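# below are the sequence and a predicted model; questions follow.
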Amino acid sequence: MYNRYISRKLLLHISTLCFVIQLSAQQKAAYWVCFTDKANSIYSINRPSQFLSQRAINRRIKNNVTITEDDLPVSKQYTDSLDKMGVTVMYCSKWFNAATIVVDDESIISKIKSTSFIASIEKTRDASQVKSNTIYSKNENERATNETRYDTVLYGKSYTQIKLLNGQYLHSKGFRGNDILIAVIDAGFKQADNYIGLTDVWKEGRIRDTRNFVNRGNSIFNDQAHGAEVLSTIASSYVDSLVGTAPDASFMLLVSEDAQSESPVECDNWIAAAELADSAGADIISTSLGYNNFDDSLFNFVYGSIEEQMARITLAAEKASSKGMVVLASAGNDGAKTYHYIGAPANAKNILAVGACNEKGIKADFSSLGPSSDGRIKPDVMAMGQSVIAETSPGVYSTISGTSLSCPLVAGLTACLMQAYPNAPSKTIRQSILESTNRYSKPDSAMGYGIPDFQKAFESLGRASTLYNSKAYAFPNPFSSNVTLVNELGNENHIVVECFDLTGEKLFSISSFGGYTILQNEIASLKQGVYLFRCIGEKGIDSIVGIKINKE
């Protein structure tokens, strides 16, 4: 029998309140400051290696992502000016052209507001004693299994959680996340450097970076084990106890969650972590954090409000996706509450919000519900989040519950899929996961599109794998009402354009001329998804992958 103790804000347990620990510490007021421009920048989008790693540049190239001004760091001239005013610049946001600052004396805020290069300023945390923090405890019996297949020798009791997603199939093919970089944005990773199942990760140097955005300069290994538990479900390689879903991947461990209080500054911490992941060239962001309510209710994200729909953390998750990363976020554990909706950033577009089910594929009562407040299907996918095996302290393996566990399970297998198809764009990877689900044709607000089958996703990508190196292309891509196919067959008088879905079924065939073809009426009836186009002429065949999305 195991006991787990975590902050009420971490999406791990839905349980009975057992006791309250009083935590008290002085904190300074924090503000989000937006700048007017990026004037006098020493950086240029023509020299991206100055501010982006080669991995990040390569990821943009693969995903056809243009480097723009929002990739440039903020003006050092402006941050130096703030320093001279006596405030502390904690970190900056290139995407929002902003900075998070803390101040000892709030009377200085009026001076900052009147500064010419400041566009706006907003308080994100009060200066006060940290509030009492409610700690939950859940007791849960370790579950035995009657499985006798060879897989259980490798995975032990963790076999059930990977089997539900058919992830062991990818492992059997040799895809275990090699060379894929996953940024885990979470609370602390207490003692993760001593976890038995993570020995190989450390020994092989696959922890590429650790950063604490809550307490700058402090270790990530001292406070809160939530991030470590989450990490173990992806990265562990302890045979017969816990094999994670991507045990050979590389990782960035980033702390953005302050377990002692709840304020909007934590969302800005998350943005800083996501931007670091982007610049470092991470392929995947996995985050088991979510926000609806804060200690000061004036900051709350109310379902359907503009503050909820346009929350910075939500926009940042969408921006991270647009930079070519696959972003996965826990849906939340509010499903049994009056306010039962998914939180931010799980409400973001073009990411995978992951809900929780049990080993039989039945939704866990605590898993938060959709849809998003603007009517989109949420959650996107489901995975086992009830009675999941995790390493909960060095050498101790427990069953714990929450969407915090379902999210990293899917994130790890996403890494395996990326390893299998390294040239596939991230949008194609995400769409293949969605289309492999058991409810793809009939999604709802409880289970979303359902449980992915990673063997199906692997096989559907396999049918398109020869296309990822083609120099022919579609634009815009993704497309909605029209798409132009550009081929390399030259100025031939006649070509045939064919369209297939990922099952290989031919949907239409038309005649065209020249090096490009505009499709409009032909694609009007196509559902949202991935399609294969073939341009056939006397000089050969050009193949193109296109993704259709619903027009917003």
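It's in.

# can you show me the helices along this protein?
Secondary structure of the chain (DSSP state H): helices at 54-62, 76-84, 109-113, 151-155, 159-163, 168-172, 199-203, 226-235, 265-280, 306-309, 312-322, 403-420, 426-435, 454-464.

# quick one: which of those is nearest Ala187?
With CB to CB as the criterion, Ala187 lies closest to helix 226-235 of the helices of the chain, at 4.4 Å. All C-beta atoms are positioned from the backbone trio N, CA, C, and that covers glycine.

# let me know the angle separating that closest one from helix 403-420.
Here the directions of helix 226-235 and helix 403-420 differ by 40 degrees (axes from the mean of the first three to the mean of the last three CA atoms, to 10 degrees).

# give me the neighbour count for the closest residue to Asn40 other than its chain neighbours.
The shortest distance from Asn40 to any non-neighbouring residue, by CB to CB, 6 or more residues apart in numbering, is to Gln77 (5.1 Å). Counted with other CB atoms under 10 Å, the neighbours of Gln77 add up to 14.

# Gly529 contacts Thr503, doesn't it?
No - shown here, Gly529 and Thr503 do not form a contact pair, counting by CB atoms under 8 Å, at 10.5 Å.

# between these two, who's got more neighbours?
Using other CB under 10 Å as the criterion, Gly529 and Thr503 rank with Gly529 on top: 17 against 9.

# can you tell me how far the more buried one sits from Ile549?
9 Å (CB to CB, to the nearest Å).

# which residues are common contacts for the two?
Residues touching both Gly529 and Ile549 by CB atoms under 8 Å, 6 or more residues apart in numbering: none at all.

# number of residues surrounding the residue lying closest to Ser406 once chain neighbours are set aside?
Once flanking residues are discounted, Ser406 sits nearest to Gly385: 3.5 Å by CB to CB, 6+ apart. Residues near Gly385, counting by other CB under 10 Å, number 31.

# also Asn218?
Asn218 has 12 neighbours, counted by other CB under 10 Å.

# how about Asp295?
When neighbours are counted by other CB under 10 Å, Asp295 registers 14.

# that one touches Ser261, doesn't it?
Yes - assessed by CB under 8 Å, Asp295 is found in contact with Ser261 at 5.7 Å.

# state the distance from Ile523 to Leu461.
21 Å.

# tell me which of those two has more neighbours.
Taking other CB under 10 Å, Ile523 and Leu461 do not tie; Leu461 has more neighbours (24 against 19).

# what residues are up against that one?
Going by CB under 8 Å, 6+ apart, Leu461 touches 417, 420-421, 424, 428-429, 432.

# check Ile196 too.
238, 391, 394-395.

# now the strands for the stretch 451-552 of the chain?
473-475, 483-486, 495-501, 506-512, 516-519, 529-537, 540-548 (DSSP state E, counting those that start in this stretch).

# give me the angle between the fourth one and strand 495-501.
Put simply, strand 506-512 runs at 160 degrees to strand 495-501, going by the same axes, to 10 degrees.

# stretch 422-430: end-to-end distance?
Terminal residues of stretch 422-430 are spaced 13 Å apart (CA to CA, to the nearest Å).

# now do stretch 384-399
Chord length of stretch 384-399, first to last residue, is 12 Å (CA to CA).

# what residues of it count as buried?
The neighbour-count check on stretch 384-399 (16 or more other CB atoms under 10 Å) flags 384-393, 397-399 as buried.

# looking at these, which are in strands?
If you go by DSSP state E, the buried residues of stretch 384-399 have 384, 388-393, 397-399 in strands.

# farthest-separated two in those residues?
The span of these, defined through CB to CB, is set by Met384 and Ser393 at 21.5 Å.

# now for Ser441, how many residues are close by?
For Ser441, using other CB under 10 Å, the count is 10.

# before we move on, the earlier item: closest to Asp453 among the buried residues of stretch 384-399?
For those, the nearest to Asp453 is Met384 (13.6 Å; CB to CB).

# show me the contacts for the nearest residue to the closest one once chain neighbours are set aside.
Once flanking residues are discounted, Met384 sits nearest to Gln161: 4.4 Å by CB to CB, 6+ apart. By CB under 8 Å, 6+ apart, the contact list for Gln161 reads 233, 359, 383-384, 388-389, 405, 409.

# got TSV for these, with pLDDT and distance to Leu328 too?
Formatted as TSV, the contacts of Gln161 follow (pLDDT from 0 to 100; distance: CB to CB, whole Å):
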residue	pLDDT	distance to Leu328
Thr233	98	12
Glu359	97	20
Ala383	98	10
Met384	98	15
Val388	97	15
Ile389	97	19
Leu405	97	12
Leu409	98	10
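
# just put those residues in CSV and tack on distance to Leu289.
As requested, the contacts of Gln161 are exported to CSV (distance: CB to CB, whole Å):
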residue, distance to Leu289
Thr233, 15
Glu359, 25
Ala383, 17
Met384, 19
Val388, 17
Ile389, 21
Leu405, 13
Leu409, 16
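
# from those residues, which two are the most distant?
Pairwise distances across these peak at 14.5 Å for Thr233 and Glu359 (criterion: CB to CB).

# more neighbours: which of the two?
Shown here are Thr233 and Glu359; by other CB under 10 Å, Thr233 has more neighbours (33 against 15).

# apart from its neighbours in sequence, what residue is nearest the more buried one?
Leaving aside its sequence neighbours, Thr233 sits nearest to Pro408 (CB to CB, 6+ apart; 4.8 Å).

# run a quick neighbour tally on the one you found.
31.

# tell me how many other residues surround the closest residue in space to Phe294 that isn't next to it in sequence.
Take Phe294 and drop its neighbours on the chain: the residue closest to it by CB to CB, 6+ apart is Glu262, 4.9 Å away. Residues lying near Glu262 (other CB under 10 Å) number 23.

# distance of Glu262 from Gly504?
Distance of Glu262 to Gly504, given as CB to CB: 50 Å.

# domain assignment for the protein?
26-129, 152-461, 470-548 (automatic domain parsing).

# just name the most buried of those.
Stretch with highest mean neighbour count among the domains of the chain: domain 152-461 (a mean of 22; mean count of other CB atoms under 10 Å).

# Leu502 against Leu434, yeah?
No - at 11.2 Å, Leu502 does not count as touching Leu434 under the criterion of CB under 8 Å.

# please tell me how far the nearest residue to Gly188 once chain neighbours are set aside sits from Ala274.
Beyond its immediate neighbours in the sequence, the residue positioned closest to Gly188 (CB to CB, 6+ apart) is Gln224, lying 3.2 Å away. Taking CB to CB as the measure, Gln224 falls 19 Å from Ala274.

# same question for Ala415.
17 Å.

# what does Ile377 give?
Distance, Ile377 to Ala274, by CB to CB: 23 Å.

# repeat that for Gly361.
Going from Gly361 to Ala274 by CB to CB gives 31 Å.

# can you check Ile285 too?
Distance of Ile285 to Ala274, computed by CB to CB: 6 Å.

# quick check: neighbours shared by those two?
Counting by CB under 8 Å, 6+ apart, the residues touching both Ile285 and Ala274 are 183, 185, 317, 320.

# taking these, tell me the two that lie furthest apart.
Ala183 and Ala317 (12.2 Å).
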